[in-house]
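K.L.:
coords please:
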Amino acid sequence: MPTTDTPGTPGTPGSPDPGSRPPSPQPPPPQPSPASPRALSFDRAAAQYGAARPGYPDALLDAVEELAGRPLRGARALDVGAGTGISTRRLRDRGAAVVAVEPGPGMAAELRRSLPDVPLVRGDGNHLPFAAASADLITYAQSWHWTDSARAAPEAMRVLRPGGALALWWNVADPGVGWIAEQGARLLGFFATELPELAGPGAPGGPAAAHTGAHGSPVSARDLPAGLTFVHRRVPWTRRVSLDTHLANLGSHSAFLVLGDEPAGRFLSEEREHLARRFPDGLVEETYVVELSVTIR
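P.N.:
Take a look at the predicted model:
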């Protein structure tokens with residue numbers, strides 16, 4: 001199926017089951033709500049994001065299948081806030097008929113470049129341009145917190161078929177690992193000075209989140225939609241990457257991207273010195289827990 005960056009053939013509620021075909025886009029609804037500058041900041045670093053951000057382990061996809069109560073193979077799936085396609089690729093490789101949904105032009109262009117065979121629709125979770133009851137699975141990988149939960153949750157329930165699943169997940173750096181906890185403290189101190197509006201008690205997720213997404217915050221700090229019953233699963237995993245990749249991953253987070261080059265570069269340069277002493281061979285073992293939350297319509 002050709003890739004498109006605008007909604008294509010209309011889908012009609014109650015139309016015959018398309019089998020394993022992806023959900024069909026409808027004519028566009030009212031324009032999506034403008035994304036915040038922080039949400040769109042990823043566009044300026046889309047290639048860096050795609051190259052450096054961590055992926056997801058097989059165990060996560062296994063857990064999604066278990067909690068959704070169906071295999072990914074053949075599932076009609078929407079990957080919302082798909083970014084550069086890191087999760088989209090994993091869903092496709094497991095056999096899902098997946099459509100990527102992404103609001104940012106830079107991120108969408110990077111996804112199109114790396115996954116030219118995957119259908120792509122420009123949009124966001126607050127206004128899903130898809131027919132009712134047309135998807136078996138809707139996923140948000142690292143992206144639910146960029147939605148208006150009060151609008152995105154009803155949209156997901158509208159587009160899911162009865163028995164379909166909404167799966168939200170985040171890679172969270174494991175604070176139980178010594179060097180990660182030390183880095184987290186440095187991040188927290190840095191952003192408390194550079195972005196105090198994100199580090200105060202009123203910041204989304206509270207002060208712990210103001211390492212400010214660079215390490216992630218636990219599901220308990222997420223704005224999970226009210227009125228839905230979620231089952232939670234934690235999936236630990238690690239990856240071993242070069243120091244350059246680790247720093248590029250860190251610098252691809254929105255809190256750094258909105259700061260500008262000088263303060264972000266200063267922190268990352270100092271962080272390189274810290275980590276070079278900790279990892280003299282130049283290889284960093286990043287330890288994560290993927291926090292997964294699934295609800296069934």
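
K.L.:
what packs against the helix or strand encompassing residue 155?
P.N.:
Assigned by DSSP states H and E, residue 155 belongs to helix 149-159. If contacts are counted by 3 or more CB pairs under 8 Å, 6 or more residues apart in numbering; DSSP states H and E, helix 149-159 sits against strand 135-141, strand 160-173. Using the backbone N, CA and C atoms, a C-beta is placed for each residue, glycine as well.

K.L.:
other SSEs contacting the last one?
P.N.:
Packing contacts for strand 160-173, counted by 3+ CB pairs under 8 Å, 6+ apart, involve helix 58-68, strand 135-141, helix 149-159, helix 178-194, strand 283-296.

K.L.:
please redo it, this time with the cut-off set to 10 Å
P.N.:
With contacts taken as 3 or more CB pairs under 10 Å, 6 or more residues apart in numbering; DSSP states H and E, strand 160-173 sits against helix 58-68, strand 76-80, helix 86-93, strand 135-141, helix 149-159, helix 178-194, strand 231-242, strand 283-296.

K.L.:
most neighbours per residue, which of these?
P.N.:
strand 76-80 (a mean of 29; mean count of other CB atoms under 10 Å).

K.L.:
mind checking how far the one helix or strand residue 277 maps to is from the chain centre?
P.N.:
Using DSSP H and E, residue 277 maps to helix 261-278. Centre-to-centre, helix 261-278 and its host chain are 25 Å apart (CA atoms, centre = their mean, to the nearest Å).

K.L.:
I'd like the next helix or strand past the worst-scoring helix or strand of the chain on mean pLDDT.
P.N.:
When each helix and strand of the chain is scored by mean pLDDT, DSSP states H and E, helix 37-40 comes last, with a mean of 56. Using DSSP H and E, the next helix or strand after helix 37-40 towards the C-terminus is helix 46-52.

K.L.:
can you give the distance of that following helix from its chain's centre?
P.N.:
13 Å.

K.L.:
avg pLDDT for it?
P.N.:
Per-residue pLDDT over helix 46-52 has a mean of 86.

K.L.:
neighbours of residue 105, just the number please.
P.N.:
For residue 105, the tally of surrounding residues (other CB atoms under 10 Å) stands at 13.

K.L.:
show me the contacts for the closest residue to residue 152 other than its chain neighbours.
P.N.:
In space, residue 152 comes closest to residue 125 once its chain neighbours are excluded; the distance is 3.9 Å by CB to CB, 6 or more residues apart in numbering. Taking CB atoms under 10 Å, 6 or more residues apart in numbering as the criterion, residue 125 is in contact with 32, 78, 80-81, 101, 103, 138, 140, 143-144, 146-149, 151-153, 155-156, 159.
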